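S.K.: give me a model of this one.
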Amino acid sequence: MMGLFDQEKAVEQFGNEKKEEGRAEGKLEGKLEGKLEGKMEAAINMKAEGLPESMIAKILDVGLNIVQEWVAGATVAR
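M.R.: Numbers count the residues shown, from 1 in each chain. Here you go, the predicted structure:
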């Protein structure tokens with residue numbers, strides 16, 4: 001009987017650990033998405049101010065093709 005109780009407790013503990021791992025992973029993903037969205041918004045604003053896309057890419061430390069995609073997407077959305 002004690003063995004069954006210990007096993008249930010171990011399974012519960014394992015589930016709690018996995019739940020915490022999932023939360024931490026979700027937080028990290030959210031932070032990364034937020035940073036990327038911030039860079040996209042900055043790129044769009046810089047382009048609107050007349051900065052060349054190559055300079056925007058350098059400032060934001062992203063690839064030129066990414067800046068071009070963001071800017072093109074913003075033009076279509078407006």
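
S.K.: only C-alpha atoms for contact and neighbour calcs from this point on.
M.R.: Will do.

S.K.: where are the low-confidence patches of this structure?
M.R.: In the predicted model of the chain, residues 1-5, 76-78 satisfy pLDDT under 70.

S.K.: mind doing that once more with 90?
M.R.: Across the chain, the ranges flagged by pLDDT under 90 are 1-24, 73-78.

S.K.: what's the distance between residue 61 and residue 33?
M.R.: Residue 61 sits 15 Å away from residue 33, taking CA to CA, to the nearest Å as the criterion.

S.K.: if you could redo that for residue 27, that was the one I meant.
M.R.: Residue 27 is 10 Å from residue 33, where distance means CA to CA.

S.K.: check residue 74 too.
M.R.: For residue 74, the distance to residue 33 equals 18 Å [CA to CA].

S.K.: helices along the chain, start to end?
M.R.: Ranges of helices in the chain, per DSSP state H, are 2-48, 53-60, 64-77.

S.K.: so how many other residues sit close to residue 48?
M.R.: Using other CA atoms under 10 Å, residue 48 has 11 neighbouring residues.

S.K.: ok so, going back, most packed of the helices of the chain?
M.R.: Ranked by mean neighbour count, the helices of the chain are led by helix 53-60 with a mean of 16 (mean count of other CA atoms under 10 Å).

S.K.: packing partners of it?
M.R.: When contacts are defined as 3 or more CA pairs under 8 Å, 6 or more residues apart in numbering; DSSP states H and E, helix 53-60 sits against helix 2-48, helix 64-77.

S.K.: next one: it to chain centre, how far?
M.R.: 20 Å (CA atoms, centre = their mean, to the nearest Å).
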